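1. mind looking at a prediction? Sequence and model below.
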Amino acid sequence: MPAVVIELGELAGLVYRTDKGQPGQQRTFIHFLQDPPRLVSNVEGTQLYIVGGRYRITAAGIEG
């Protein structure tokens, strides 16, 4: 992550699509975040980063 970022705000939720667990069949997952991390970008505005919160990415998905 870059040393300087632009803060966009709190990340209240995530929506993403994957074929995790069912290869070839996309499913949509929605997560509302109770301990919202910050959403930031690089100064060029070309890359997003999620900073903070109490979440882990595991084989099961987003946990926490």
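-> Arrived safely, thanks for sending. All values derive from a computational prediction rather than experimental measurement.
2. can you give me the strands in the protein?
-> Taking DSSP state E as the criterion, the chain carries its strands at 5-10, 13-18, 27-32, 38-42, 48-51, 56-58, 61-63.
3. so can I have JSON lines of the ones you listed showing mean neighbour count?
-> Bear in mind the C-beta positions are built from the backbone N, C-alpha and C, glycine included. Output for the strands of the chain, formatted as JSON lines (neighbours: other Cβ atoms under 10 Å):
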{"stretch": "strand 5-10", "mean neighbour count": "12"}
{"stretch": "strand 13-18", "mean neighbour count": "11"}
{"stretch": "strand 27-32", "mean neighbour count": "11"}
{"stretch": "strand 38-42", "mean neighbour count": "16"}
{"stretch": "strand 48-51", "mean neighbour count": "13"}
{"stretch": "strand 56-58", "mean neighbour count": "9"}
{"stretch": "strand 61-63", "mean neighbour count": "13"}
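4. distance of the residue of the chain most remote from its centre relative to E63?
-> No residue in the chain sits farther from the centre than G24, which is 22.6 Å out by Cα atoms, centre = their mean. Separation of G24 from E63 (Cβ to Cβ, to the nearest Å): 25 Å.
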